[in-house]
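Prediction below, plus the sequence it came from.
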Amino acid sequence: MQSRCCRLSRHGGFTLMEVMFAVMILSFSVAALTQAVVSGQSHTYEAMHSSRAISLAESMIDEVLSRPYVDPDGDVTAGPDVGESSRDLFDCSDDFDGFSEAVGAVQDQAGVAYPELYQNFGRSVTVVYTTESLPDLGGDHDGMTVTVTVTDEGGRAWVVSRFIQEPAL
């Protein structure tokens with residue numbers, strides 16, 4: 001009777017090799033799951049980072065567009081006029097040519113620093129008088145192209161450009 005009992009208990013559990021194999025499979029599964037979560041978080045961070053950069057570029061373009069196209073002083077040279085040493089003194093769109101903010105010094109139109117999430121970026125503006133071919137609008141049109149480049153502290157850049165057609169007089 002005793003030999004039969006021993007035989008039953010010997011087959012009732014797992015061998016050391018089976019347990020080690022199960023632990024190994026579980027370890028690989030947990031590692032793969034962890035990697036998937038980390039990768040997902042990384043993609044989410046990158047998407048939010050890019051979204052913030054584009055948002056900063058678009059807000060600067062909106063600020064440029066809020067100024068008149070034609071300089072009230074009659075100057076037709078891109079860049080700030082004499083005496084327009086800060087952006088609150090810019091009186092037309094082309095005054096923004098050459099404007100830049102360093103990483104960590106990004107401010108809104110009123111001169112208030114953006115929240116900390118946006119301080120990983122810097123931005124610069126170029127304004128170029130140009131002629132664009134716009135077939136849907138009947139051919140070539142004079143105007144200016146405003147380009148805002150946003151860079152992060154790692155050197156990556158996002159560029160947003162907009163053509164502003166010269167208003168008809």
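Thanks, I have the structure now.

How many neighbouring residues does residue 112 have?
8 (other Cβ atoms under 10 Å). Quick note: C-beta positions are derived from backbone N, CA and C, even for glycine.

Spell out, range by range, the helices that occur in this protein.
2-11, 16-65 (DSSP state H).

avg pLDDT for the longest one?
Think helix 16-65. Mean pLDDT, computed over helix 16-65, is 85.

Could you do stretch 161-169 as well?
85.

cool, and stretch 126-136?
86.

For it, buried residues please.
For stretch 126-136, burial by neighbour count (16 or more other Cβ atoms under 10 Å) applies to 126, 127.

my guess is residue 123 contacts residue 96, does it?
No: at 10.8 Å, residue 123 and residue 96 do not qualify as touching, with contact defined as Cβ atoms under 8 Å.

what residues do these two have in common as contacts?
Common neighbours of residue 123 and residue 96, counting by Cβ atoms under 8 Å, 6 or more residues apart in numbering, are residue 60.

returning to that earlier point: for my notes, please list the helices of the chain in a markdown table and give mean neighbour count and distance to residue 148 for each entry.
Below are the helices of the chain laid out as a markdown table (neighbours: other Cβ atoms under 10 Å; distance: least, Cβ to Cβ, whole Å):
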| stretch | mean neighbour count | distance to residue 148 |
| --- | --- | --- |
| helix 2-11 | 8 | 74 |
| helix 16-65 | 13 | 4 |
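
can you put those helices in JSON lines and add distance to residue 127?
Shown next, in JSON lines, are the helices of the chain (distance: least, Cβ to Cβ, whole Å):
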{"stretch": "helix 2-11", "distance to residue 127": "84"}
{"stretch": "helix 16-65", "distance to residue 127": "7"}
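
Good, we can wrap up now.
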